[in-house]
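Asker: This is the structure alone, sequence omitted:
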Ligand code: SAH
């Protein structure tokens, strides 16, 4: 969706900022209290953001959500509800996971201001960007954080660092607004060659599945569990910010490695014996 909905059209005077805002989505995963969904919608609309996606909310639709949304029920009404985080971010080029616990995961970590700058720069360059928030009780699972390119932590009181979900959305939405108000002119006026389009989340997940299968096929793990190596590889490739052409090249190499492993394992058709 690149056309901002009418209820947000006047949120930014600069058309480039408005277009970038339309590429930013906030994803709430497994929200337990519907009031927080409404309050998050209100937080977004006050900051001129329009896109909310709900992943398997526990109690929704609900009166309480609409009550707490105040005048943001239009935004709430537009919010798609999907079953999994992977679905919510399939077309995204950058996924940032907000976590109340600093350094819990092996992901690069940004403070909100830095996260907003990165997010707005990516959206201004035409990318789809998601900011992901977890459940009130347990936050995001490790599997869900694995789907993120980087983590965002609001540097709160280390002894009491967990904000209310909608309050955390408000902090990030405010930082996004400040970054958007600074201007969202694309970094380059050069048209991007079709091969250089950044790989989408779904492309990267396809690549990681094939990478995992290949590592199994060449017996890379040698009985160890694959989790730690895969986490490190995910982190490495997230830093590389691959484009579609590069993903195709790597997948070609993996396909050959898989073929060679099959030949080696099965004795092969070209065996000399
Ligand atoms: N008890 C949970 C906290 C959940 S708070 C835990 O320990 O993980 C609900 C959500 O709000 C979190 O998943 C996160 O997305 C966001 N949030 C709360 N405090 C935050 C903080 N200090 N920095 C970043 N995100 C935060």
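Answerer: Good, I have the coordinates. Please read all numbers here as calculations on a predicted model, not as lab measurements. Numbering: from 1, shown residues only.
Asker: Kindly report the domain assignment for the protein.
Answerer: According to the domain assignment given by automatic domain parsing, the chain is divided into the following structural domains: 6-181, 195-266.
Asker: chain center to the shortest one, what's the gap?
Answerer: Chain-centre distance of domain 195-266: 20 Å, with CA atoms, centre = their mean, to the nearest Å.
Asker: can you give me the mean pLDDT across that domain?
Answerer: Along domain 195-266, the predicted local confidence has a mean pLDDT of 89.
Asker: returning to what we had before: tell me, which of the domains of the chain is the model least confident about?
Answerer: Comparing those on mean pLDDT, the least confident stretch is domain 195-266, scoring a mean of 89.
Asker: Up against the ligand, what does this structure have?
Answerer: By CB under 6 Å from any ligand atom, the part of the chain that sits against the ligand consists of 98-101, 133-134, 136-140, 152-154, 156, 161-163, 165, 168. Using the backbone N, CA and C atoms, a C-beta is placed for each residue, glycine as well.
Asker: about what we covered before: most tightly surrounded among the domains of the chain?
Answerer: Burial of the domains of the chain is given as mean neighbour count (mean count of other CB atoms under 10 Å); domain 6-181 ranks first at a mean of 20.
Asker: Off-centre distance for it?
Answerer: The gap between where domain 6-181 is centred and where its chain is centred comes out at 10 Å by CA atoms, centre = their mean.
Asker: Span of that domain from start to end?
Answerer: Counting by CA to CA, to the nearest Å, the length from the leading to the trailing residue of domain 6-181 is 19 Å.
Asker: Enumerate every residue touching residue 233.
Answerer: Residue 233 sits next to 208, 211 when contact means CB atoms under 8 Å, 6 or more residues apart in numbering.
Asker: go with 7 Å
Answerer: Residues near residue 233 by CB atoms under 7 Å, 6 or more residues apart in numbering: residue 211.
Asker: Residue 194 is in contact with residue 245, correct?
Answerer: No - using CB atoms under 7 Å, residue 245 and residue 194 do not qualify as a contacting pair, with a distance of 8.9 Å.
Asker: Distance-wise, check the residue nearest the centre of the chain relative to residue 202.
Answerer: If you average the C-alpha coordinates of the chain and look for the closest C-alpha using CA atoms, centre = their mean, you land on residue 95, 1.9 Å from that point. According to CB to CB, to the nearest Å, residue 95 and residue 202 sit 11 Å apart.
Asker: Check which helices and strands the lengthiest helix in the chain is in contact with.
Answerer: For the chain, the helix that runs over the most residues, judged by DSSP state H, is helix 244-266. In terms of contacts (3 or more CB pairs under 7 Å, 6 or more residues apart in numbering; DSSP states H and E), helix 244-266 is packed against helix 201-217.
Asker: The stretch 51-200 of the chain: helices as residue ranges?
Answerer: Listed in chain order, the helices of the stretch 51-200 of the chain (DSSP state H, counting those that start in this stretch) span residues 63-69, 73-78, 85-88, 112-124, 142-146, 165-181.
Asker: Kindly reformat those as CSV containing distance to residue 53.
Answerer: Written out in CSV, the entries for the helices of the stretch 51-200 of the chain read as follows (distance: least, CB to CB, whole Å):
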stretch, distance to residue 53
helix 63-69, 14
helix 73-78, 10
helix 85-88, 5
helix 112-124, 15
helix 142-146, 14
helix 165-181, 12
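Asker: Can you tell me which of those helices is nearest to residue 9?
Answerer: Closest approach to residue 9 among those is made by helix 73-78 (12.1 Å; CB to CB).
Asker: Contacts for that closest one next, please.
Answerer: Applying CB under 7 Å, 6+ apart, the set of residues contacting helix 73-78 from outside is 5, 7, 38, 41, 44, 45, 50, 52, 65, 66, 69.
Asker: residues in contact with residue 54?
Answerer: 28, 31, 37, 60, 79, 81.
Asker: Show me what it is bridged to.
Answerer: Per DSSP bridges, the residues bridged to residue 54 are residue 28, residue 81.
Asker: From residue 7, how far off is it?
Answerer: For residue 54, the distance to residue 7 under the criterion CB to CB works out to 18 Å.
Asker: next one: residue 256
Answerer: Looking at residue 256 against residue 7, where the rule is CB to CB, the gap reads 51 Å.
Asker: Check residue 230 too.
Answerer: Computed with CB to CB, the distance linking residue 230 and residue 7 is 42 Å.
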